[in-house]
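Trainee: Whatever this is, show me its structure:
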Amino acid sequence: MTPPDPCGVLRARARAAIVVIVLVFTVAAGVGAPAASAERTASTTTTTPKKWDARLKPIADKVAELRKLDFEHPVVAEFLDDARFEKQVTIDKEKLSKQDKADAERAQAQLRAVGLIGADVDLVDAVGSLQSSGVLAYYEPKTKKITVKGTNLDDVSTRVTVAHELTHALQDQHFDLRKIERAAEKKHGSTALRTIAEGDAVRIEQAYAHTLSDADQQAYESKSAATGNQAQDEIAAKGVPDVLSVVFQAPYVLGQPMLDSVIANDQTAGVDALFRHPPTADAVFVTPSTLLDHRKFQTVPTPKLRAGEKRSGDPDTFGSLSLFQVLSSRLDNETALDAADAWDGDAMVTLTQADRTCLRATFAGKGTKGTPTITDALDRWAAQMPPGVATVKGTATRVTLTACDPGASVTAIPNKPFASLVYLATRDGLFAELVKSGASTQQATCTADTLVRDPAFAPVIDAAGENPNAEPDAELVTQIRERLREIVGQCR
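Mentor: Coordinates of the predicted model:
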């Protein structure tokens, strides 16, 4: 399932938790250690400037150096006061096309069908709140223009954000973001491509931040944490479900560990290759080992409609990430991750059944145990849903989920989506650090999977879900460091 794509400073909360966890534990084990954006659509193409805006040039020079790519030409910049900027990033519902409205209604029904949002959630309003919360700058691939909130770059957070957006401009000049996005859409690969692009921009953004003075770095970290929490509070006050915030944070949070793993194998050239030939399955960033192992996923036929059913929209994919998010909303993270790791392909169709909108997805699992693993998890999840909402039918090689919009009878999810994202991203972050330290893909997979599933690690994930900026208890850190050393030895 592919939602709209607003971007904001919310990702800072998840990243803070993951950085704390990964650094605290991997460094001690001797196995290595290691801003806001939004894309818009405009109606015109901006004329390419002959020289850089003096405010942008120092940042652009540093971005080019860090990314190891040269800008082919300067990027036009527009600096707007707060009022004009906010108007630019706000969705005008009156200007949405019929197709946009139909797509939003279908996505809203899909999310209700799998129990992620309630009946009173307006997806367009929620996306609008996410899209405008804490945004400091954005780059438009269509106009080739970066728009900045404010009249200068005195604020350190804005400078770091501009580094993020200039990375997108650099990607665009070398790989043509609009072209590869159109190709990705045809193959249901938009989420994977977005994660590659955002993961790349996040790693350069962070590298740029590390070039700043100590005072600027401290100011940036403090403001990022405060702004991220403030933005989260603001959208929560507007009734935006946590699960939607997590959906939009995922490409930023999961993209970087995936790319770190690739760079450990093939330096920056490996990242460039991903832009030239983007993978389509989101499993490459949910389970990064699949990317390093060049795993080929199965092609699954689109589920068939039954008598009295009518298709709504084009066939799509459910995806490994959505499978994890749906399952972890009502089951434990370990079960959800087992199923997501077992994912080997799927196909989905949205349909109308009587007066209800439903989705039907057929999944294939890896090897002989993959499909049974997914089937068992879906059965357990369906049992937690309102009666008659979800049915699961499986064979040894395929399992099909049919879930229908329950309307007002949808029940609230019992688990915290943010904690589940931290759980997944921590596993992937540990995997990346282990690969960077020289571990084989198999050793890194074994160690990272074992540690996050170890009961001793659960309090760390729980604490990070509550307060991403808090370091784990010192005594707990000591215990887990010892456990990590044991796990590393066992996996060797």
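Trainee: so how far is residue 404 from the residue of the chain most remote from its centre?
Mentor: Using Cα atoms, centre = their mean, the residue of the chain lying farthest from its centre is residue 307. It sits 36.9 Å away. As for residue 307, its distance to residue 404 is 16 Å (criterion: Cβ to Cβ, to the nearest Å). C-beta coordinates here come from the backbone N, C-alpha and C atoms, glycine included.
Trainee: cool, residue 252 as well?
Mentor: Taking Cβ to Cβ, one finds residue 252 at 32 Å from residue 404.
Trainee: Next, the contact list for the residue nearest in space to the middle of the chain, please.
Mentor: Nearest to the centroid of the C-alpha atoms of the chain, with distances taken as Cα atoms, centre = their mean, sits residue 250, at 1.8 Å. Neighbour list for residue 250: 195, 321, 421 [criterion: Cβ atoms under 8 Å, 6 or more residues apart in numbering].
Trainee: What of residue 391?
Mentor: 382, 401, 402, 403.
Trainee: Check for me that it belongs to a strand.
Mentor: Yes - read with DSSP: H, G, I helix; E, B strand; the rest coil, residue 391 is one of the residues of a strand.
Trainee: Model confidence at it, what's the number?
Mentor: At residue 391, the model reports a pLDDT of 97.
Trainee: Same check on residue 317?
Mentor: Confidence score, pLDDT, at residue 317: 96.
Trainee: what do you get for residue 23?
Mentor: The model reports residue 23 with a pLDDT of 44.
Trainee: what mean pLDDT would you report for stretch 321-338?
Mentor: 97.
Trainee: how far does it sit from the chain's center?
Mentor: With Cα atoms, centre = their mean, to the nearest Å as the basis, stretch 321-338 stands 15 Å off its chain's centre.
Trainee: Check which residues of that stretch are buried.
Mentor: Neighbour counts over stretch 321-338 (16 or more other Cβ atoms under 10 Å) mark 321-333, 335-338 as buried.
Trainee: What is the end-to-end distance of stretch 270-286?
Mentor: 18 Å (Cα to Cα, to the nearest Å).
Trainee: And for stretch 119-136?
Mentor: Stretch 119-136 end-to-end distance (Cα to Cα) = 32 Å.
Trainee: got it, and stretch 336-348?
Mentor: End to end - Cα to Cα - stretch 336-348 spans 19 Å.
Trainee: Ok, stretch 288-303 next?
Mentor: 28 Å.
Trainee: Now do the same for that stretch: mean pLDDT, whole number.
Mentor: The model assigns stretch 288-303 a mean pLDDT of 95.
Trainee: can you give me how far that stretch is from the chain middle?
Mentor: 18 Å.
Trainee: cool, stretch 340-355 as well?
Mentor: Centre-to-centre, stretch 340-355 and its host chain are 20 Å apart (Cα atoms, centre = their mean).
Trainee: And it, what's buried?
Mentor: Result for stretch 340-355 [16+ other Cβ under 10 Å]: buried residues 340-353.
Trainee: try stretch 258-270
Mentor: Buried-residue list, stretch 258-270, by 16+ other Cβ under 10 Å: 258, 259, 260, 261, 262, 263, 264, 270.
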